[in-house]
Each structure stands twice: as C-alpha cells, then as structure tokens.
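1. Make a model of this:
(chains A and B)
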Amino acid sequence: GDSVTQMEGPVTLSEEAFLTINCTYTATGYPSLFWYVQYPGEGLQLLLKATKADDKGSNKGFEATYRKETTSFHLEKGSVQVSDSAVYFCALSDRAGGTSYGKLTFGQGTILTVHP
Amino acid sequence: EAQVTQNPRYLITVTGKKLTVTCSQNMNHEYMSWYRQDPGLGLRQIYYSMNVEVTDKGDVPEGYKVSRKEKRNFPLILESPSPNQTSLYFCASIRTIPSTDTQYFGPGTRLTVL
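-> Okay, here's the model as predicted:
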C-alpha cells in the first residue's frame, strides 16, 4: 500500500537558518504530493502541493520538488523565522487508487522549533 | 466562506458512554473523511464517504461508525468509547467531480476517554 516516511524530529533551528525536511513515499499509482502545516493548537493547513513529476510547489518561502526518480518531496526554506515553528506533515493522494481516491496518506510529522 | 466545521472542539468522557462528533461542510463536496492524529503516527484515516449513503472503512475503523444521510454532514460515532480512542480527530472534505487536489480540514476535536 501507499506510505510516506518523513525525517525524524524534532528539528531545532536558529532564526534565518536553512531548513530541509526529508520526505519519501511509496505509491502504486501516480500520486499528488502535499505538505501540510499545523501551528500550535490549530488544524491542518495546506502549505504547498505538486501533482506530477518535476513540479515544484511553493508558498510562504517554502519549496518542494516532486522527484519521481527518487520518490521524494523534500521541504526546504532558505531562511526560517520563529513564526515557522509548527508541525509539518508530508502526504500523498493516490489518484489511481480507485475507491481510495481522495484519501490522504500522511507521514508521521516533523516538529520544527525556531529560536530567535 | 468555504469551511469545514466540527463539534465539539473538546470533549472529555468516560469509557462506554456513546458520543457523536459532528462534521459539516458548505462546499457541496462529494468526498468526506475522518482522520485521527496520534503522536509519532501522523494522521490515519478512520472512515470515508464517496457520496450520500456511500461509506467505507479507512485504515483504523475499529470502534467507530459513520453515516452520510446528507451531502454536507458526516458524523463520527463512538458507540462504546475506550481509552485507546483518546486522540485528536479531524474531518476533511474534497471535491471529486470534477476532481481537485485541495482537501479542506476542520479545526479538530480533542477527545479524552477516561
């Protein structure tokens, strides 16, 4: 079945540091890939997405590129801020899954803490 | 405003006392689902519904029931809650006709079963 593996956390960085959170996936079809963010005490928000190989999703300074050859979708940001402290989830939606279409398969989440 | 609402937001209950968590969306989406979030496990799908009167099990359905009598509502029912159902629950919806990739999440319901 489908699965998503994220790098183990938590990740602690100083403000303006470079961020990478690794994400790899296994899927039977041609999935769409997502990064969701969960700020403390809040629900999930879509951060960015990519729907086909080599697509780059970007939002709020974050980027991730859909790499089919390495089955990866790593999240990067050049200069993090304290306000980026949150839990980040990588996820996929397998469009070829028949009745499973619409289901999101999530990674375990990575806690990011950014210090001033 | 497009939104998914859940109620209640917080609930503390005791083992065996039936409860229902409501979920409603105002976007006329066909597909709705319930997830539970547990530390170190991410979010796992409990049940989903492709449309009115069409529901099916997700990855962790044991101990839960759902119904979809109207397109906008998708309640989650715990007939006899147990402590291992203490978790953070999210309802979500997505348009599938025509398809999009944007899934909308509710604000979450934090459930504690004593």
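2. what ranges do the strands span in the chain?
-> All of this refers to chain A. Counting by DSSP state E, chain A has these strands, from start to end: A:3-6, A:11-14, A:19-21, A:23-26, A:31-38, A:44-50, A:56-59, A:62-65, A:75-77, A:86-94, A:105-106, A:110-115.
3. Sorry, I should have been clearer: chain B.
-> Listed in chain order, the strands of chain B (DSSP E) span B:4-7, B:10-13, B:19-25, B:31-38, B:42-51, B:54-57, B:65-66, B:76-78, B:87-96, B:99-105, B:109-113.
4. outside of the helix or strand bottoming out on mean pLDDT in chain B, which residues touch it?
-> Least confident element among the helices and strands of chain B, by mean pLDDT, DSSP states H and E: strand B:99-105 (a mean of 79). By CB atoms under 8 Å, 6 or more residues apart in numbering or on different chains, the list of residues contacting strand B:99-105 from outside reads A:32, A:34, A:43-46, A:49, A:51, A:93, A:95, A:101-102, A:104, B:2-4, B:25, B:27, B:29, B:90-95. Backbone N, C-alpha and C define where each C-beta goes, glycine included.
5. filter those to the buried ones?
-> Among the contacts of strand B:99-105, those scoring as buried are A:32, A:34, A:43-44, A:46, A:49, A:93, A:95, A:101-102, A:104, B:4, B:25, B:29, B:90-95 (criterion: 16 or more other CB atoms under 10 Å in any protein chain shown).
6. ok, A:Y39 - contacts?
-> A:45, A:85-86.
7. give me every residue that touches B:N84.
-> So B:N84 contacts B:V113 (CB under 8 Å, 6+ apart).
8. Check what pLDDT it gets.
-> Looking at B:N84, its pLDDT is 97.
9. How many neighbouring residues does the residue nearest to B:K57 when sequence neighbours are not counted have?
-> Among residues not flanking B:K57 along the chain, B:Y47 sits closest, at 6.1 Å (CB to CB, 6 or more residues apart in numbering or on different chains). Residues lying near B:Y47 (other CB atoms under 10 Å in any protein chain shown) number 23.
10. who touches B:Y47 in this structure?
-> B:33-34, B:55-58, B:61, B:64-66, B:76.
11. Which of these are buried? Put it as a ChimeraX command.
-> In ChimeraX syntax, the buried subset of the contacts of B:Y47 is picked out as below (16+ other CB under 10 Å):
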select /B:33,34,55,58,61,64,66,76
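12. distance of A:Q45 from A:T5?
-> 22 Å (CB to CB, to the nearest Å).
13. same question, B:P8
-> Counting by CB to CB - B:P8 and A:T5 are separated by 34 Å.
14. Neighbour count: these two, which is higher?
-> Set side by side, B:P8 and A:T5 show more neighbours around A:T5, with 15 against 12, by other CB under 10 Å.
15. Need the pLDDT of the closest residue to that one other than its chain neighbours.
-> Leaving aside its chain neighbours, A:T5 sits nearest to A:T24 (5.2 Å; criterion: CB to CB, 6+ apart). With respect to pLDDT, A:T24 scores 97.
16. List the contacts of A:T24.
-> Applying CB under 8 Å, 6+ apart to A:T24 gives the contacts A:4-5, A:70-73.
17. Restricting to C-alpha, output stretch A:36-48 in PDB.
-> Below are the C-alpha coordinates for stretch A:36-48, written out as PDB (Å, rounded to 0.1, in the frame of the first residue of the first chain):
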ATOM      1  CA  TYR A  36       0.600  20.400   5.400                       C
ATOM      2  CA  VAL A  37       1.500  22.600   8.400                       C
ATOM      3  CA  GLN A  38      -0.100  22.500  11.800                       C
ATOM      4  CA  TYR A  39       0.500  25.500  14.000                       C
ATOM      5  CA  PRO A  40       0.200  25.000  17.800                       C
ATOM      6  CA  GLY A  41      -3.400  24.500  18.800                       C
ATOM      7  CA  GLU A  42      -4.700  24.700  15.200                       C
ATOM      8  CA  GLY A  43      -5.900  22.400  12.500                       C
ATOM      9  CA  LEU A  44      -4.100  21.500   9.300                       C
ATOM     10  CA  GLN A  45      -3.400  24.000   6.500                       C
ATOM     11  CA  LEU A  46      -2.200  23.100   3.100                       C
ATOM     12  CA  LEU A  47       1.300  24.600   2.600                       C
ATOM     13  CA  LEU A  48       2.100  23.500  -0.900                       C
END
